[in-house]
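Asker: Sequence and predicted structure are below.
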Amino acid sequence: MKIAAITDDGKTISQHFGRASHYMVVTVENGKIVNHTMREKLGHNQFANEPHASEQPGQPHGMDQASHNKHLRMADVISDCEALLCRGMGMGAYESMKACNIRPVVTDIVSIDEAVIAYVEGRIVDLVDRLH
């Protein structure tokens, strides 16, 4: 099983999905972490020169088609992962990950390894109230 976490330093889960620079992909076998692989992640910096759709009043962040397409491009590099751990994310990115068959999980656990083990053991809580 492979689980991705958004990160800037390879050790901790970043607070915002769109701004994070990397994914740490953790491979788990028989309930134990056996490998870590850092992968570059597309984000706000790479999309700065692309058109930005204006959001509709009352609509959650990132729910427009242009944002969904960006999220799909962000997810491409972790298409082999079953879950994505983050500490904050827009509703659009959350829904886009689900559309890619990647389970998004918003957590308050800072350590990547601790969060991965909590996920594997079924103890992690998806804090959807942190979606924006």
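Answerer: Sure thing, it's come through.

Asker: Kindly state the pLDDT recorded for the residue nearest the centre of the chain?
Answerer: Most central in the chain under C-alpha atoms, centre = their mean is L84, positioned 4.4 Å from the mean C-alpha point. L84 carries a pLDDT value of 98.

Asker: Likewise for the one 3 residues further on?
Answerer: R87 is assigned 97 on the pLDDT scale.

Asker: Would you agree it is in contact with S111?
Answerer: No: using C-beta atoms under 8 Å as the test, R87 is too far from S111 to be in contact (11.1 Å). From N, CA and C alone the C-beta is placed, and that goes for glycine too.

Asker: list the helices and strands the strand or helix carrying the residue nearest to the centre of the chain packs on?
Answerer: In the assignment (DSSP states H and E), L84 maps to strand 83-86. Here strand 83-86 touches strand 2-7, strand 103-106, helix 112-120, going by 3 or more C-beta pairs under 8 Å, 6 or more residues apart in numbering; DSSP states H and E.

Asker: Looking at these, which is nearest to H68?
Answerer: Closest to H68 of the helices and strands packed on strand 83-86, according to C-beta to C-beta: strand 103-106, at 13.7 Å.

Asker: List the buried residues of that closest one.
Answerer: Judged by neighbour count using 16 or more other C-beta atoms under 10 Å, the buried positions of strand 103-106 are 104-106.

Asker: which residues are contacting stretch 3-10?
Answerer: Residues from elsewhere that reach stretch 3-10, judged by C-beta atoms under 8 Å, 6 or more residues apart in numbering: 13-14, 16-17, 20-26, 28, 36, 38-39, 41, 78, 81-87, 102, 112, 115-116, 119-120.

Asker: which of the residues you listed are buried?
Answerer: Among the contacts of stretch 3-10, those buried by neighbour count (16+ other C-beta under 10 Å) are 13-14, 16-17, 20-26, 28, 41, 78, 81, 83-87, 102, 112, 115-116, 119-120.
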